[in-house]
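Novice: next one to model:
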Amino acid sequence: MTTVKSLVLDLAVDREAASSLSHRLPEASVRLRLEDLRELGAYRAFRKLREHRFDRLVVIVNDLRAQRRWLSILALALTVRAKIRELLSPAGQVRRVTWLSVVTREIPFVLHRTVTSLMIRRRVRRQVLRLAPASSPRPVRPRRVALLRADLSPSLRAGGSLAHMQGVCGGFERLGIPVTLVTPGEVRGFDEARVRQVPLDDRYRLLPELPYLAYNLDLLPRAVQILRSVEADLVYHRHALGCYSAAAAARACGLPLVVEYNGPEVWIAKHWGHGLRHAELFEEIERRALSAADLVVAVSEPLRQHLEEAGVADERILVNPNGVDPERFDPGRFESRRETIRDGLQVTPEEILVGFVGTFGPWHGAEVLAQAACRVPEARSRRLRYLFIGEGESRARTETILKEGGRAARARFTGLVPQEETPGLLSALDICVSPHVPNPDGSPFFGSPTKLFEYMASGRAILASKLGQIADVLSHDQNAWLVPPGDVDSLAEGLVRLAGDPGLRERLAAEGRKDAVERHSWTAHVERILERLANPAGGRP
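Specialist: Numbers count the residues shown, from 1 in each chain. Model (predicted):
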């Protein structure tokens with residue numbers, strides 16, 4: 001058996017963070033990624049890892065002791081014949097792995113966390129069962145709002161959820177109602193004086209579902225304290241998986257509660273995530289947290305149906321689509337800089353720049369746009385350039401499609417960009433694409449894409465799927481060009497049509513901008529919430 005200098009196993013999901021470790025890694029004779037091991041299958045992967053001896057093994061993980069299947073990762077490391085075995089995180093943390101350390105330190109650690117998880121579940125269940133439904137609606141005219149975010153992301157620097165929070169808070173404050181943000185981590189763009197951080201205890205991150213439950217035990221007493229100290233008279237909560245503490249804190253302080261409902265989190269975890277081992281408990285939490293709300297703001301009509309099925313009374317539901325800050329995305333702000341931004345992207349004045357913004361989720365359709373780009377006839381494709389803004393799980397597949405179709409040289413991927421840079425990048429585009437696809441299980445598309453409204457406010461022509469709320473907000477050949485969702489050929493034809501007709505682009509863009517300003521500002525969004533709170537018996541708007 002030959003001895004090889006080193007082996008690097010890259011098990012990190014965050015590619016950008018993992019790439020920052022390149023200077024810490026040995027020159028590996030063998031390097032395998034998580035995708036490579038999955039492709040080989042369990043038996044062949046085992047044979048691959050055992051076929052050589054190595055002087056050093058480095059396993060890149062997302063977090064030390066805070067990752068799913070921690071013991072499985074340790075077992076994988078021990079499978080390799082190596083003199084030195086090390087785990088390395090993107091934060092630069094290093095842990096040496098030996099049989100002795102696993103037996104004496106890691107296994108007891110996991111057992112202790114397992115017992116802790118059982119105790120926490122029991123405490124959570126007792127608290128949840130004490131959460132009473134909301135009483136009869138009464139008029140509310142808030143003067144100070146506390147917005148509770150509990151989605152457990154350590155920091156929030158870009159994406160639709162950040163845009164929504166900034167928009168809602170900005171809407172309240174433009175109407176003279178100050179907002180205090182309670183959050184587990186940093187949220188970009190917020191005045192620090194109005195932010196109260198309640199971080200998650202890192203000890204709870206090891207077991208997949210434990211953080212969502214345990215965070216309630218930390219957040220509830222702190223939230224009560226914060227609500228009283230800032231003299232809030234309304235609690236506004238972004239619905240989050242496993243979170244009931246916002247509702248419990250509102251009840252403890254005798255305050256009305258508004259829940260912003262962007263999606264059925266338990267359903268999403270079960271169908272699009274890793275599933276839920278304790279699904280029954282999470283479903284009970286979701287039911288009781290929603291029933292405790294004085295008002296639930298659903299961002300789309302299909303979400304109203306989810307809520308009604310969950311037992312929320314119709315008079316407590318307000319369907320209120322997402323919005324945009326028209327001033328922030330005003331194309332006039334960037335007119336003098338547009339060509340400079342395009343030069344920085346290496347796009348000539350004669351070229352048509354097509355853009356996509358998103359987290360590359362399974363419903364965003366980035367791969368469909370890539371396939372459509374590959375089907376645009378070569379003679380027309382020479383004028384088209386593509387800009388993909390964002391990061392996510394399907395980015396790699398999108399890049400592969402463009403490479404195999406011979407369009408990689410005409411596409412650029414920015415990765416995540418700071419929220420404040422998005423308006424300038426959108427101003428550089430000629431065509432904004434929203435190629436959303438239906439839910440794979442056939443359930444109704446329930447999204448309200450914030451980027452849709454940002455596209456409109458940016459004054460650029462929109463090419464979008466005729467799907468769900470997108471088709472309600474946009475009208476074909478009036479303020480956008482709509483195509484059947486998932487139809488690659490129709491999307492390619494739409495690209496050709498818009499690229500070849502500047503007059504059509506200008507007309508659609510102008511109408512889209514007009515609709516964004518008149519109908520879809522965040523201020524108007526908040527005004528609809530305040531109107532319903534002041535007139536709870538007013539019914540649907």
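Novice: residue 426: which element?
Specialist: helix 422-427 (DSSP states H and E).
Novice: list the buried residues of stretch 40-57.
Specialist: 45, 49, 52, 54, 56, 57 (16 or more other Cβ atoms under 10 Å). Using the backbone N, CA and C atoms, a C-beta is placed for each residue, glycine as well.
Novice: now intersect those residues with the strands, please.
Specialist: When DSSP state E is applied, the buried residues of stretch 40-57 are split such that 54, 56, 57 fall in strands.
Novice: between these, which sits nearest residue 466?
Specialist: Using Cβ to Cβ, the shortest approach to residue 466 within those belongs to residue 57, at 51.4 Å.
Novice: the closest one and residue 7 touch, don't they?
Specialist: Yes: in terms of Cβ atoms under 8 Å, residue 57 counts as a neighbour of residue 7; the distance is 5.1 Å.
Novice: anything in contact with each of the two?
Specialist: Among the neighbours of residue 57, those also in contact with residue 7 (Cβ atoms under 8 Å, 6 or more residues apart in numbering) are 80, 82.
Novice: doesn't residue 388 belong to a helix?
Specialist: No: applying DSSP: H, G, I helix; E, B strand; the rest coil, one finds residue 388 to be strand, outside a helix.
Novice: dig out what it forms beta bridges with.
Specialist: Under DSSP bridges, the beta-bridge partners of residue 388 are residue 356, residue 413.
Novice: contact partners for it?
Specialist: Shown in contact with residue 388 (Cβ under 8 Å, 6+ apart): 355, 356, 366, 395, 398, 411, 412, 413, 414.
Novice: so for the strand or helix carrying the fifth one, mean pLDDT?
Specialist: Under the assignment given by DSSP H and E, the secondary-structure element containing residue 398 is helix 395-404. Averaged over helix 395-404, pLDDT sits at 93.
Novice: try stretch 507-527
Specialist: Stretch 507-527 comes out at a mean pLDDT of 95.
Novice: same check, this time on stretch 256-275
Specialist: Mean pLDDT, stretch 256-275: 85.
Novice: what's the end-to-end length of that stretch?
Specialist: Taking Cα to Cα, to the nearest Å as the measure, stretch 256-275 stretches 32 Å from start to finish.
Novice: buried residues, it. List them.
Specialist: Neighbour-count burial for stretch 256-275 flags 256-267, 269 (criterion: 16+ other Cβ under 10 Å).
Novice: one more: stretch 465-481?
Specialist: By 16+ other Cβ under 10 Å, the buried positions in stretch 465-481 come out as 465, 466, 467, 468, 469, 470, 471, 473, 474, 479, 480, 481.
Novice: now do the same contact list for residue 160.
Specialist: When the contact criterion is Cβ under 8 Å, 6+ apart, the partners of residue 160 are 322, 359, 449, 450, 451.
Novice: neighbours of the residue nearest to the third one when sequence neighbours are not counted, how many?
Specialist: Taking Cβ to Cβ, 6 or more residues apart in numbering, and ignoring the residues beside it in sequence, residue 449 has residue 434 as its nearest neighbour in space, at 6.3 Å. Here the neighbour count serves as a burial measure; for residue 434 (other Cβ atoms under 10 Å) it reads 23.
Novice: next one: the one 4 residues further on
Specialist: For residue 438, the count of nearby residues is 16 (other Cβ under 10 Å).
Novice: can I take it that it is in a strand?
Specialist: No: using three-state DSSP, the secondary structure at residue 438 is coil, not a strand.
Novice: that one contacts residue 487, doesn't it?
Specialist: No: with contact defined as Cβ under 8 Å, residue 438 does not reach residue 487; the gap is 11.2 Å.
Novice: ok, and the most crowded of the contacts of residue 160?
Specialist: residue 451 (27 neighbours).
Novice: what sits against the closest residue in space to it that isn't next to it in sequence?
Specialist: Counting by Cβ to Cβ, 6+ apart, residue 451 lies nearest to residue 357, which is 4.6 Å off, once chain neighbours are set aside. Taking Cβ under 8 Å, 6+ apart, we find residue 357 in contact with 389, 390, 422, 426, 432, 451, 454, 455.
Novice: recalculate using a threshold of 10 Å.
Specialist: 158-160, 364, 366, 387-390, 414, 417, 422, 425-426, 429, 432-434, 449-452, 454-455 (Cβ atoms under 10 Å, 6 or more residues apart in numbering).
Novice: buried sites along whatever helix or strand residue 82 lives in?
Specialist: Taking DSSP H and E as the criterion, residue 82 maps to strand 81-88. Neighbour-count burial for strand 81-88, counted by 16+ other Cβ under 10 Å, picks out 81, 82, 85, 86, 87, 88.
Novice: quick one, domains of the chain?
Specialist: Annotated domains of the chain cover 3-97, 145-323+524-538, 331-518 [automatic domain parsing].
Novice: quick one: mean pLDDT for the helix or strand that contains residue 113?
Specialist: Using DSSP H and E, residue 113 sits within helix 107-129. Averaging pLDDT along helix 107-129 yields 84.
Novice: still on that earlier bit, and which of the buried residues of strand 81-88 is nearest residue 152?
Specialist: residue 87 (22.8 Å).
Novice: surely the closest one and residue 74 touch.
Specialist: Yes: counting by Cβ atoms under 10 Å, residue 87 touches residue 74, with 8.2 Å between them.
Novice: state the phi and psi torsions of the closest residue to residue 428 other than its chain neighbours.
Specialist: Distances taken as Cβ to Cβ, 6+ apart put residue 341 closest to residue 428, at 4.3 Å, once the chain neighbours are dropped. Main-chain dihedrals, residue 341, degrees, to the nearest 10: phi -60, psi -40.
Novice: so what's residue 341 up against?
Specialist: 334, 347, 353, 421, 424, 425, 426, 427, 428, 429.
Novice: ditto for residue 371
Specialist: By Cβ under 10 Å, 6+ apart, the contact set of residue 371 is 365, 398, 401, 402, 405, 407, 435, 486, 488, 489, 491, 492.
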